[in-house]
Each structure stands twice: as structure tokens, then as C-alpha cells.
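1. pasting a predicted model and its sequence here:
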Amino acid sequence: MFLKRITLLQEKVPSTNRFPFSIPSIKNLDEIQLEKNVTFFVGENGSGKSTLLEAIADKCEFNTAGGGRNNLYDVHKSESVLGDYIRLSWLPKVSNGFFLRAESFYNFATHIDELDPSILSAYGGRSLHEQSHGESFLSLFLHRFKGEAIYLLDEPEAALSPARQLTFLKIIHDLASTGNAQFVIATHSPILLGYPEADILSFDDDRISKIDYEMTEHYQITSYFLQNRQRFLSELFRDDDE
């Protein structure tokens, strides 16, 4: 593990009525301790999990449009306001890593195509645009992720089928189990959340708190649906039939 603690500099916050400090989970944030090599951020859309992940990437000096420190391009780059108001505590500090934004991965792939062709060896040997969305994500994970590094991933399941999410779990395990890699992942996937021994931080209920896998809404809804599909759908469509 490298990143140990995330602290909101409350004394510098200009106003809790302004975004992103108006987000309840961010407004009530004091300090987060990271205790595992794999940490998941979960919560409804708008709960603040991606906002905080982006701020961490900004403090790591990763390109907030996606990439690492050396990926310099400005297409749709996001300016993280929150990054100016958090402090990261490291032991030891690492500069290697990657920030994945599923929604802007196309722009990152275009950026890679514009560089020296020799760099493609770090991405599987061919353009990410010449691969399917899922293949390009796995090429990134398999070939670009290596060495002592921190990986910040925002909804990596967006391009991955359930089978490929399982493949990704194996990649996480192979990297994290060596002690040379740390992952912080914002996700809605009950498959990814099932990674053993990971910490899950919920951004719901107006605060950030640790939660067990079986207590996540992602697990509970998916489990109920799979075990009670007909009943679930009957309840869901009841108003339409009345």
C-alpha cells in the first residue's frame, strides 16, 4: 500500500453551498483511512464517489481526462475543484500509476495513437481503437499496469462483460497480491465488489463509511433479482398493469 489517508482541508473550504462541497458525502468528509490494497467507492450517481476519485487523480498529477503523469493532452480534460482542498498522505510516495475514466477512454486512445508508434507495445502492440471496447480495456490492464503504482479507476466495468469482469478480478489479484500495486475503484458492479478482503466505502446516507459486501445495494438488488426474477418484475411493473 502507498496511499494511506485522504483528508479534506476543511479550513480552506470556501462554502458548503458550492459544488462539490454541497455534496453531502463531501461536506461531511473529514478523513478517510485506506487500509487495504484494494478499496472500492460505491454509491448512487451524484453521491460524490467519482468527484473524490478525480480529486485524488488530480493530486497525483495524473491527467484527469485519463492517463498517467506523462499523458499530456487536453481534450475534455476535467478541472478538479476538489483537488485543491484535499491532502494525500503516503508511505511511501509513488508517482507511477494511472487514472481511468470510462467515459473519456476514447479520447485517451486517440492520444496514444498520436504518439510514437513504439509506445503501442505498452498497450498490447496495436491501437486501442482497433480493438473492441472490452478488449482495449483489458489490453490497458494487462500491459500498461505494472510496477509499483496506484491505479484509480472510475467504473472500469463499463466496457467489460461479466466474464471479462472476472478476468479483471484476476488481474487485480495478480498485481495487488505482490504488494506493488494499490487500487481505488469507483464501481456499480456487484462482481467487482466481490473481490476478497477489499474495503468498500459507501458514499450514500450523506457520509462516507465502510460497508460489508452483502450490505451494499448492488449486492442486495442483484441477489434478490436473480433469486426472485418473476416476483421482482411483477412488483416493478405492477403500476403499469393497474
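-> Done, it's in.

2. contacts, neighbours, all on C-alpha from now
-> OK.

3. wait, is S223 part of a strand?
-> No: note on S223: no strand contains this position according to DSSP: H, G, I helix; E, B strand; the rest coil, which reports helix.

4. heads up, I number from 24, so please use that
-> Sounds good: first residue 24 from here, last item S246.

5. count of residues packed around it?
-> The number of residues packed near S246 is 14, by other C-alpha atoms under 10 Å.

6. roughly how far does it sit from Y236?
-> Look at S246 and Y236: by C-alpha to C-alpha, to the nearest Å, they are 12 Å apart.

7. overlap in contacts of those two?
-> Taking C-alpha atoms under 8 Å, 6 or more residues apart in numbering as the contact criterion, S246 and Y236 have no common neighbours.

8. ok, which stretches of this protein are helices?
-> Chain-ordered helices for the chain, with DSSP state H as the definition, fall at 47-50, 72-82, 128-136, 156-162, 185-199, 213-216, 240-250, 252-259, 261-264.

9. give me the low-pLDDT residue ranges for this structure?
-> Screening the chain residue by residue with the criterion pLDDT under 70, one finds the ranges 93-103, 127-149, 151, 153, 156, 262-265.

10. so which of the helices of the chain is nearest P179?
-> Across these, P179 has its closest neighbour in helix 156-162 (7.9 Å, C-alpha to C-alpha).

11. list the contacts of the closest residue to D227 other than its chain neighbours.
-> If the residues on either side of it in the chain are set aside, D227 comes closest to G66, at 5.3 Å by C-alpha to C-alpha, 6 or more residues apart in numbering. With contact taken as C-alpha under 8 Å, 6+ apart, G66 is in contact with K72, H211, S225, F226, D227.

12. and the fourth one, what is it in contact with?
-> The contact partners of F226, taken as C-alpha under 8 Å, 6+ apart, are S48, F64, V65, G66, E67, S70, G71, K72, S232.

13. could you report the neighbour count for the fifth one?
-> It stands for E67. Counted by other C-alpha under 10 Å, the residues lying close to E67 total 14.

14. which residues touch S70?
-> With contacts defined as C-alpha under 8 Å, 6+ apart, the neighbours of S70 are I46, P47, S48, F226, D227, D229.

15. related to what we said a few turns ago, export the contacts of F226 to CSV and tack on distance to A181?
-> Converted to CSV, the contacts of F226 look like this (distance: C-alpha to C-alpha, whole Å):
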residue, distance to A181
S48, 24
F64, 15
V65, 15
G66, 16
E67, 15
S70, 18
G71, 18
K72, 16
S232, 24
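
16. how about these, which pair is most distant?
-> Spatially, the most separated pair among the contacts of F226 is E67 and S232, at 14.0 Å (C-alpha to C-alpha).

17. and the end-to-end length of stretch 67-78?
-> Start-to-end span of stretch 67-78 (C-alpha to C-alpha) is 18 Å.

18. I meant stretch 165-185, not that one.
-> 17 Å.

19. and for it, what's in contact with it?
-> Stretch 165-185 is contacted by residues 25-26, 73, 76, 80, 117-125, 144-147, 156-157, 160, 188, 194, 198, 203-212, 214-215 when judged by C-alpha under 8 Å, 6+ apart.

20. flag every buried residue along it.
-> For stretch 165-185, burial by neighbour count (16 or more other C-alpha atoms under 10 Å) applies to 165, 167-168, 171-183.

21. most tightly surrounded among the helices of the chain?
-> helix 72-82 (a mean of 23; mean count of other C-alpha atoms under 10 Å).
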